[in-house]
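Engineer: show me the folded form of this:
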Amino acid sequence: MRLARPVVAAALLLPALSGCGGASAWLAGESAMSTADMPPSEAGMPLVGRRQWHGDVSRAQSTAFLVARTEAEWKALWDLVGKDPPGALPDKLMALGVFIGTRTSTGYGVDIQNIRLDSRPGQRDRLLVEYREKSPPEQLMVAQMLTSPYAIILVDQTDAPVRYAKLPDEPRRP
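Structural biologist: The predicted structure follows:
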């Protein structure tokens, strides 16, 4: 299937790009980099997994998973964040959003760890989005306030159904 190669590329790029151009930069007023702003060596590369946003505060009060394939869905996704979209939804891309709901302190977060095509005999292919919730370390002093973390990523558009899977917590380090 044509989608497999870009999805694998997204899975390989995610760990290296998780800190690039995140929500804090966007919320601080920095605009997201477009392909026109990229160095010539990167301008021809696919955007899969390249654009990702994270944040500590959204309007989501409970866990929610969103797929935005249209401009209206893109705007609805960013409405749940509580901000205007950072631009139009790029052609041939879709957005995947993970909102983990209200938490009672700072230090929580969510990361999209892997995106892959899930193929099973006799079933329609699905896009599997694996994510991990982060909790504050036990010894870390945190502010007692309501937060609602989220993560959004752009991937190649597909009409395959999307399934989300929470990965187990990573062992805490002393």
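Engineer: count of neighbours near residue 165?
Structural biologist: Residue 165 has 11 neighbouring residues, counting by other Cβ atoms under 10 Å. The way it works is simple: take the backbone N, C-alpha and C, and place the C-beta from them, glycine included.
Engineer: which residues sit in contact with it?
Structural biologist: Under the criterion of Cβ atoms under 8 Å, 6 or more residues apart in numbering, the contact partners of residue 165 comprise 128-131.
Engineer: what does the pLDDT read for it?
Structural biologist: Model confidence at residue 165, given as pLDDT, is 96.
Engineer: in the sheet, who's paired with it?
Structural biologist: For residue 165, the beta-bridge partners are residue 130 (DSSP bridges).
Engineer: go on, residue 93?
Structural biologist: In this structure, residue 93 bridges to residue 156 when assessed by DSSP bridges.
Engineer: if I look at it, how far off is residue 149?
Structural biologist: The span separating residue 93 from residue 149 equals 23 Å under the rule Cβ to Cβ, to the nearest Å.
Engineer: more neighbours: which of these two?
Structural biologist: Neighbours around residue 93 and residue 149, counted as other Cβ under 10 Å, are more numerous at residue 149. The numbers are 25 against 19.
Engineer: re the thing from before, out of the contacts of residue 165, which comes closest to residue 115?
Structural biologist: Nearest to residue 115 out of the contacts of residue 165 is residue 129 (Cβ to Cβ; 5.4 Å).
Engineer: circling back to that earlier point, can you list the contacts of residue 165 in a markdown table and add pLDDT, distance to residue 74 and neighbour count?
Structural biologist: Shown next, in a markdown table, are these (pLDDT from 0 to 100; distance: Cβ to Cβ, whole Å; neighbours: other Cβ atoms under 10 Å):
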| residue | pLDDT | distance to residue 74 | neighbour count |
| --- | --- | --- | --- |
| 128 | 94 | 22 | 17 |
| 129 | 95 | 17 | 23 |
| 130 | 95 | 22 | 18 |
| 131 | 96 | 19 | 20 |
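Engineer: quick one: the helices in the chain?
Structural biologist: Across the chain, reading from the start of the chain, the helices by DSSP state H fall at 4-17, 23-27, 40-43, 71-81.
Engineer: comparing the ones you listed by mean pLDDT, which bottoms out?
Structural biologist: Here those differ in mean pLDDT, and the lowest is helix 23-27 at a mean of 33.
Engineer: in CSV: the contacts of residue 165, plus distance to residue 89.
Structural biologist: Written out in CSV, the entries for these read as follows (distance: Cβ to Cβ, whole Å):
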residue, distance to residue 89
128, 22
129, 17
130, 23
131, 21
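Engineer: all set, thanks.
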